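# Got a predicted structure here, sequence first:
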Amino acid sequence: MAKRKSQTKVDPPPSEATDTSTKPRSSGRAKRSVEPSHDDIRRRAYERYLERGGGPGSEFDDWLQAEQELRRK
């Protein structure tokens, strides 16, 4: 007598089995924040320049800080 293989039914994940909405499904990846534009960073760096009194020598730091601030938003 031959052995019979057990047949286990595999159900689809709950989201696929019960989701009948028309909204698009997410790709499963975490949402990325939108990168700030060059103009947004430039504007914020200029604001930082004015906030610190407009002295020369910290342009690069202003740019980096502006970029970090905008990415956190």
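All right, it came through fine.
# what does stretch 63-73 contact?
For stretch 63-73, the surrounding residues in contact (CB atoms under 8 Å, 6 or more residues apart in numbering) are 33, 35-36, 40-42, 44-45, 47-48. Every C-beta, even on glycine, is put in place using the N, C-alpha and C of the backbone.
# and that stretch, average pLDDT?
The average of the pLDDT scores along stretch 63-73 is 95.
# Pull out the buried members of the contacts of stretch 63-73.
Neighbour counting by 16 or more other CB atoms under 10 Å classes 36, 41, 44-45, 48 among these as buried.
# Under the pLDDT cut-off, which ranges of the chain? List them.
1-33 (pLDDT under 70).
# all helices for it, in order.
Ranges of helices within the chain are 14-18, 38-51, 59-72, based on DSSP state H.
# ok now do E35, which residues does it touch?
When contacts are counted by CB under 8 Å, 6+ apart, E35 touches R71.
# Any buried residues in stretch 57-73, and which?
Residues of stretch 57-73 classed as buried by neighbour count (16+ other CB under 10 Å): 62-63, 66-67, 70.
# any chance of those in CSV, with distance to G55 too?
Below are the buried residues of stretch 57-73 laid out as CSV (distance: CB to CB, whole Å):
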residue, distance to G55
D62, 11
W63, 15
A66, 16
E67, 20
L70, 23
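# So which of the residues you listed is the closest to P56?
D62 (10.9 Å; CB to CB).
# Make sure that closest one is actually in contact with G53.
No - using CB atoms under 8 Å, D62 is not in contact with G53, being 11.8 Å away.
# so what sits against both of those two?
In contact with both D62 and G53: no residue, using CB under 8 Å, 6+ apart.
# Excluding its own residues, what touches stretch 45-59? List them.
Under CB under 8 Å, 6+ apart, the answer for stretch 45-59 is 62-63, 65-66.
# With E59 as the reference, measure out to E51.
Noted for E51: a distance of 14 Å to E59, by CB to CB, to the nearest Å.
# and what of I41?
I41 is 12 Å from E59, by CB to CB.
# And for R72?
21 Å.
# Also Q65?
Taken as CB to CB, the span from Q65 to E59 is 11 Å.
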